[in-house]
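Enquirer: Provided below for reference: sequence and predicted model.
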Protein chains: 2
Amino acid sequence: MDGNVLALAGGVGGAKLVLGLARTLPPDQLTIVVNTGDDECFHGLHVSPDLDTVMYTLAGLSNPETGWGLAQETFHALEMLRRYRAETWFSLGDMDLATHIRRTQLLREGRSLSEVTAELASCLGIAEQLVPMTDQPVRTVLETDAGDLPMQQYFVKHGSQPQVRSIRYEGAEHALPSPSFARALNRASMVVFCPSNPFLSLGPILAIPGVRESLAAVPNKVAVSPIIGGAALRGPAAKIMAELGYPASCAGVARQYQGICDYFLLEPRDEGLAPEIEELGMTPLVAPIIMQSDDDKIALANYVLSLPELA
Amino acid sequence: MDGNVLALAGGVGGAKLVLGLARTLPPDQLTIVVNTGDDECFHGLHVSPDLDTVMYTLAGLSNPETGWGLAQETFHALEMLRRYRAETWFSLGDMDLATHIRRTQLLREGRSLSEVTAELASCLGIAEQLVPMTDQPVRTVLETDAGDLPMQQYFVKHGSQPQVRSIRYEGAEHALPSPSFARALNRASMVVFCPSNPFLSLGPILAIPGVRESLAAVPNKVAVSPIIGGAALRGPAAKIMAELGYPASCAGVARQYQGICDYFLLEPRDEGLAPEIEELGMTPLVAPIIMQSDDDKIALANYVLSLPELA
């Protein structure tokens, strides 16, 4: 693959393929656009869970047990915040807090989330372009039987238990793609939809006005299914899809990308759903898409990047 | 001693006597007013070094090696902030950061520093009234041969090395005593000037308009010298006094409290300076004022509290 690759990613699942892409491509040929619909203010600090998951992964600092947070993290500040009767249901480690403290400080000084993200990533030695989907606030809110819940409240505080009736992306209608995202949309020769939750991770990115239209004009768009055998590899994607009335399958995911995706990668056990995906106007490709080791991630990245030439 | 005791304190030295007083008096008879001229913004967080030193001391959490900071503290966030190229010359531990995070959050929500301090102290089980000298910003700035330096920059970043020409308390002219300080000034039956730096710790408190006048009207005012044998027990008090042209002695300290202090406690080796102190209009009292153990602190507090009855 020659040219500029634009990867769209959410949290842990997306970060795996992002790592593979980063290990495969020269840094100046990869722009990673990350969901910020989960961003939340904790203790007065701006937390960007998906950006941080991808950033820590690329920096080689992420916790290999969880996929999010930092390896060898401690939680002494959080214990003290609990003594101060702060709400501590969202786990924030000591090193992780430094990220949020620094981000919040730089934002308050008037810098954009794009600028701050670039600075933090550069300090951690990341050469790829890691960018938020937008510099404006967008908030993913799940309308559930337990009321309206912002994403982290639904996912962490309520353990993804409430039944989801619909999802809205508050603020998306007034958001612009971040400058680097807009640039990448204009010059990309390939787009990768990483295996992230289509509603909670890539949904907010696609909800920004103009993004779907711009994507339609880019060649070589490849999606990797986050759903295998009717279940999400991690997270509540399958549960939410069923509750929203979509088939909880890779075909249900593909439907979200109809009109903006050319190739759809599914796992061998889902081969039977290939015709359904073809009907949506995409080329279904059966491939080993489960990534455990770093070698798996690099192998999948290589396969994804080879698709335009195979076609 | 019956009635209400008002203690004026700065950092580590003051906190020792404050602990003795707190262990001796019923909590509702002690108001501790602490210097906030050292307050500083680090990483966008509001840090109140003297308030925290006294708070951690009263909560039994302070680091016994240093007198400031918390026991068994870790510095993982600070290491990470260093990676993010933040200025990290001011040592902030992980648990300590939680204090600043929580304080900053509550201040941003519109609460006063008095209210926030009361909440934090209550969470740590402190029953005494621990109050900032003012809810308005006051900043102690040292005019030195290395330029104008706020207190923490002078003390920590420059290791108290620059020569001090004068000291100003920025904002003091517009500051009001905090509500609890004003109340204590009105109803105190005794005031204790803890052994803190007279220029950097108690100076800012005394610079608030009306404080000296109110103190003059309170009976039974006792100061404990922070200078012994011409040297400060800790910190740059003696050096600064000499540079400002004052005698670097307990008599030089006493001069700062002329007209607002009745008893001045000096260490036996300074007995020769007693007549000089008497000339300033105070009763000099020779006593063992060096506090090492908690028993020393309680013994000194008992002695101080007994003075009105002895008189």
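Expert: Arrived safely, thanks for sending. Since the model is a prediction, treat every value here as computed from it, not as a measurement.
Enquirer: quick one: low-confidence parts of chain A?
Expert: Across chain A, the ranges flagged by pLDDT under 70 are A:1-3, A:310-311.
Enquirer: at the contact with chain B, which residues of it appear?
Expert: Chain A comes close to chain B at residues A:43-45, A:73-74, A:76-81, A:83-86, A:93-95, A:97-99, A:101-102, A:104-105, A:108, A:119-120, A:123-124, as judged by Cβ under 8 Å from any Cβ of the partner chain. For the C-beta atoms, the positions are set from N, CA and C on the backbone; glycine is no exception.
Enquirer: tell me which of those fall in strands.
Expert: When the residues of chain A next to chain B are checked against strands (DSSP state E), the matches are residue A:45.
Enquirer: for ChimeraX, what selects the buried ones among the residues of chain A next to chain B?
Expert: The ChimeraX selection below is limited to those of those classed as buried (16 or more other Cβ atoms under 10 Å in any protein chain shown):
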select /A:43,44,45,73,74,76,77,78,80,81,83,84,86,93,94,95,97,98,99,101,102,104,105,119,120,123,124
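Enquirer: residue ranges for the helices of chain A, please.
Expert: A:12-24, A:49-58, A:76-83, A:94-108, A:113-123, A:151-152, A:179-187, A:202-206, A:211-217, A:237-243, A:250-256, A:274-279, A:294-310 (DSSP state H).
Enquirer: wait, which of those helices is closest to residue B:114?
Expert: Among the helices of chain A, the nearest to residue B:114 by Cβ to Cβ is helix A:76-83 (20.1 Å).
Enquirer: and the closest one, how far out from the chain's middle?
Expert: With Cα atoms, centre = their mean, to the nearest Å as the basis, helix A:76-83 stands 29 Å off its chain's centre.
Enquirer: give me the contact list for that helix.
Expert: By Cβ atoms under 8 Å, 6 or more residues apart in numbering or on different chains, the residues outside helix A:76-83 that reach it are A:43, A:88, A:91-94, A:97, B:73-74, B:76-77, B:93-95, B:97-99, B:101-102, B:123-124.
Enquirer: what about residue A:258, neighbour count?
Expert: 12 (other Cβ atoms under 10 Å in any protein chain shown).
Enquirer: and if you look at residue A:294?
Expert: Each residue near residue A:294 was counted by other Cβ under 10 Å, and the total is 12.
Enquirer: the one 4 residues further on now?
Expert: Look at residue A:298: counted by other Cβ under 10 Å, it has 18 neighbours.
Enquirer: hang on, it packs against residue A:24?
Expert: Yes. At 6.0 Å, residue A:298 and residue A:24 qualify as touching, with contact defined as Cβ atoms under 8 Å.
Enquirer: to residue B:303, which of the helices of chain A lies closest?
Expert: helix A:76-83 (34.2 Å).
Enquirer: what sits against residue A:168?
Expert: Going by Cβ under 8 Å, 6+ apart, residue A:168 touches A:140, A:141, A:143.
Enquirer: hmm, back to that, which of the helices of chain A sits closest to residue B:65?
Expert: helix A:76-83 (17.7 Å).
Enquirer: report the separation between the residue of the stretch 201-311 of chain A found nearest chain B and residue A:182.
Expert: Closest to chain B within the stretch 201-311 of chain A is residue A:294: 22.8 Å, counting by Cβ to the nearest Cβ. Residue A:294 is 31 Å from residue A:182, where distance means Cβ to Cβ, to the nearest Å.
Enquirer: could you find the closest non-adjacent residue to the residue in the stretch 101-250 of chain A positioned nearest to chain B?
Expert: Across the stretch 101-250 of chain A, the shortest distance to chain B (Cβ to the nearest Cβ) belongs to residue A:105, at 3.5 Å. Distances taken as Cβ to Cβ, 6 or more residues apart in numbering or on different chains put residue B:44 closest to residue A:105, at 3.5 Å, once the chain neighbours are dropped.
Enquirer: quick one: contacts for that neighbour?
Expert: Counting by Cβ under 8 Å, 6+ apart, residue B:44 touches A:101, A:104, A:105, A:108, B:104.
Enquirer: closest one of the residues you listed to residue A:167?
Expert: residue A:104 (26.9 Å).
Enquirer: test my guess that that closest one contacts residue A:46.
Expert: Yes. With contact defined as Cβ under 8 Å, residue A:104 counts as touching residue A:46 (4.7 Å).
Enquirer: just checking, residue A:148 touches residue A:139?
Expert: No. If you go by Cβ under 8 Å, residue A:148 and residue A:139 don't touch, sitting 10.3 Å apart.
Enquirer: neighbour count winner among these two?
Expert: Comparing residue A:148 with residue A:139 by other Cβ under 10 Å, the one with more neighbours is residue A:139, at 17 against 14.
Enquirer: look up how far residue A:141 lies from the closest residue to the more buried one other than its chain neighbours.
Expert: Spatial nearest neighbour of residue A:139, excluding adjacent residues (Cβ to Cβ, 6+ apart): residue A:170 at 4.3 Å. Relative to residue A:141, residue A:170 is positioned 6 Å away (Cβ to Cβ).
Enquirer: can you check residue A:59 too?
Expert: 30 Å.
Enquirer: check the separation of the first and last residues in stretch A:141-157.
Expert: 14 Å (Cα to Cα, to the nearest Å).
Enquirer: list the contacts of that stretch.
Expert: Contact with stretch A:141-157 is made by A:37-38, A:40, A:49, A:89-91, A:139-140, A:158, A:160-170, A:200, A:235-236, A:240, as judged by Cβ under 8 Å, 6+ apart.
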